[in-house]
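Asks: Sequence plus the predicted model coming up.
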Amino acid sequence: MKIANYIFDAVIVGAGGAGMTASLQLAHSGLNVAVISKVYPTRSHTVSAQGGIAAALGNVHPDDWRWHMFDTVKGSDYLGDQDSIEYMCKMAPDAMYELEHMGMPFSRLDNGKIYQRAFGGQTIDYGKGVAQRTCAVADRTGHALLHTLFQNNIKAKTHFFNEWFAIDLVKNSQNKIAGVIALCIATGEIAFFNSKATIFATGGAGRIFETSTNALINTGDGLGMTLRAGLPLQDIEMWQFHPTGLPGVGILITEAVRGEGGYLINKNGERFMERYAPHAKDLASRDVVSRAIALELRAGNGFNPGGVDYVKLKLDHLSADVINSRLPGIRELAITFAHTDPITEPIPVTSTCHYMMGGIPTNVHGQVITLGSTDEDQIVEGLYTIGECACVSVHGANRLGSNSLLDLVIFGKAAGLHAEKAIKEGLPLHSINESDIDAACSRVNRWDNSKKGEDFRLIRQAMQKIMQTDFGVFRMEEHMIEGLKKLRDLRECLKDAVLTDASKIFNTARIQALELDNLMDVALMTATAALTRKESRGAHSREDYPKRDDQHWLKHILVFLDENVKYRPVNMKPNFVDPLKPMERVY
């Protein structure tokens, strides 16, 4: 198949916070860098992040990165790798100052320093009090971060291929990664991006669920490409459900609302989190709050006037000045989508799929890891992954709020630094032949040549319903077994599904069909891993195995596309502090 050929030192797939941090590092080093993004960069999902970025700056009270590390390890329910968590928390303050010097318009304290607010699970002195550690730009922090990085990338002359969709990795006969095949959405042109380093920053896959805070673009593209290349996903059973999404809509109401003093109530007006987390209350970690809401609804304590059960988030006791200055976007969302003005009445909320803690396994430099023939870690040369699609693993079984944006900038830069060094030390540009290109184009050809079969959109709808019902906040073996069987049947149906419109120019149905291939693979891997992990840990809550089991399950689960399951040990060896031993996780 004859297609256009572009050659770069590094190609980054995804123009969110992680991708543009990596591209900026590489572009500043003088390398020839391309960023492929299926949307215009400032529409990447990072733009939706509201609450802030955690860093132990100590602008409101004394703080220490070691306290931040303790909170993150505890928040991960001890499944997070302590070397990676240590690196992230230690580097966080410098990363904030670097963003500040780039021009990021942080909100300010009266003394001119960066404003910091409280967030769930973030404490001082190893859990002895609530920390104000989250740096913020009102409630539009991700928006500010994305625009800051984009402007700096334009200045650094990064090459952007906007509205291009990455289809698959290209590997040569020696199994070496040579780059990616991508499709121009506007014209239907297909091109090969030949690169020495390929970096996936493709974000999450929350669209496997029926209700999600995730944008429609969050379809697990990097994960699907990785699986099809014969590489595994790690801890993909770990999906965080955010406690406060708008019922029936899924739009996120940031944790910053509770950080500013808002709290949850049930239909009796009771502040119920005092029962589930007596110390942290509404600022307990997200998995704890989500399960508390689910239990309140199960007990009949929800509001249910229109058939969608929910609790309410009360902030009308805060002043209008606080809401308008610190939470203006939230007020706008509540008025627009819930027809509720939070200045005068509580906002209806319920748990909704929000974040993927698992992903493509990597080390602290963003290098992708697989397992060798004797199950030892093996680095995949020239392939990196960063951001939500990566599993470093700093979030383990549950991510703390305001650690996600931090993850993007810390490991985006780390991958950029490592790739820069590798390229300058001779990382090769691998050659390929026409059969390698044909293999990478096989999915596009399959959809373009489909003649009859089921509508792929109906298959997608059925998949999302199964994931919501059988793999949500609470999980049971009998339901998951049945759900996994249904997903396998759907995958078979998908092989014969039809794309009725084979046109090339701005064919969004064609893109959605290709995205569904990725979603289906991620859903199956999630189901396989969830059924495998026979314990409750963090976001993975099994009613048939209600306790955490460190003896048998303090380990990472790896799943391959053929549903083969393997394991990796959790890293319990930080470099600068003593290891944090697992303890009972209470708030």
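Replies: Good, I have the coordinates. Numbering: from 1, shown residues only.

Asks: mind listing the strands for the stretch 1-150 of the chain?
Replies: 4-13, 33-37, 53-54, 116-124, 129-135 (DSSP state E, counting those that start in this stretch).

Asks: Give me the residue ranges of this structure where confidence is low.
Replies: For the chain, the stretches with pLDDT under 70 are 1, 305-306.

Asks: Longest helix in it, please.
Replies: For the chain, the longest helix by residue count, based on DSSP state H, is helix 508-532.

Asks: for that one, packing partners?
Replies: strand 164-171, helix 221-228, strand 233-234, helix 442-448, helix 456-470, helix 477-495, strand 555-559, strand 565-569 (3 or more Cβ pairs under 8 Å, 6 or more residues apart in numbering; DSSP states H and E). Every C-beta, even on glycine, is put in place using the N, C-alpha and C of the backbone.

Asks: Mind listing what's buried along the fourth one?
Replies: Going by neighbour count (16 or more other Cβ atoms under 10 Å), the buried part of helix 442-448 is 443-444, 447-448.

Asks: Repeat that for the fifth one.
Replies: For helix 456-470, the buried set under the neighbour-count rule, 16+ other Cβ under 10 Å, comprises 456, 459-460, 462-464, 466-468, 470.

Asks: now F8: how far from R488?
Replies: According to Cβ to Cβ, to the nearest Å, F8 stands 39 Å off from R488.

Asks: if we can go back for a sec, kindly reformat the buried residues of helix 442-448 as CSV and extend each row with distance to A497.
Replies: What follows is the buried residues of helix 442-448, written out as CSV (distance: Cβ to Cβ, whole Å):
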residue, distance to A497
R443, 12
V444, 14
W447, 9
D448, 13
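
Asks: so which strand or helix has I330?
Replies: Element membership for I330, per DSSP states H and E: helix 328-338.

Asks: Could you list every helix and strand in contact with the next helix or strand after that helix?
Replies: Under the assignment DSSP H and E, the closest C-terminal helix or strand after helix 328-338 is strand 347-356. Packing partners of strand 347-356 (3+ Cβ pairs under 8 Å, 6+ apart): strand 239-245, helix 286-298, strand 311-314, helix 328-338.

Asks: Show me the one of these that comes nearest N111.
Replies: Among the helices and strands packed on strand 347-356, the nearest to N111 by Cβ to Cβ is helix 328-338 (22.8 Å).

Asks: for the closest one, packing partners?
Replies: By 3+ Cβ pairs under 8 Å, 6+ apart, helix 328-338 packs against helix 320-326, strand 347-356.

Asks: hey, which of the ones you listed is tucked in deepest?
Replies: Ranked by mean neighbour count under mean count of other Cβ atoms under 10 Å, the helices and strands packed on helix 328-338 are led by strand 347-356, which reaches a mean of 26.

Asks: Sheet partners, orientation included, of the helix or strand that comes right after that one?
Replies: Of the helices and strands lying after strand 347-356 in sequence (DSSP H and E), the nearest is strand 360-361. With DSSP bridges as the test, strand 360-361 is paired with strand 390-391 (parallel).

Asks: Run a quick neighbour tally on the nearest residue to G58 once chain neighbours are set aside.
Replies: Spatial nearest neighbour of G58, chain neighbours left out: D64 (7.8 Å); criterion: Cβ to Cβ, 6 or more residues apart in numbering. A count of nearby residues for D64, using other Cβ atoms under 10 Å, gives 15.

Asks: before we move on, the earlier item: to L516, which of the helices and strands packed on helix 508-532 lies closest?
Replies: helix 456-470 (5.2 Å).

Asks: Report all helices and strands that that closest one contacts.
Replies: Counting by 3+ Cβ pairs under 8 Å, 6+ apart, helix 456-470 packs on helix 477-495, helix 508-532.

Asks: May I see the buried residues of the shortest one?
Replies: Think helix 477-495. Per 16+ other Cβ under 10 Å, helix 477-495 contains these buried residues: 479-480, 483-484, 486-487, 490-491, 493-494.

Asks: Alpha carbons only: can I get the strand or helix carrying I369 in PDB?
Replies: Here I369 sits within strand 367-371, counting by DSSP H and E. C-alpha atoms of strand 367-371 as PDB (Å, rounded to 0.1, in the frame of the first residue of the first chain):
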ATOM      1  CA  GLN A 367       9.500   3.500  28.800                       C
ATOM      2  CA  VAL A 368       7.000   0.800  28.000                       C
ATOM      3  CA  ILE A 369       7.600  -2.500  29.800                       C
ATOM      4  CA  THR A 370       6.500  -6.000  28.900                       C
ATOM      5  CA  LEU A 371       7.500  -9.400  30.300                       C
END
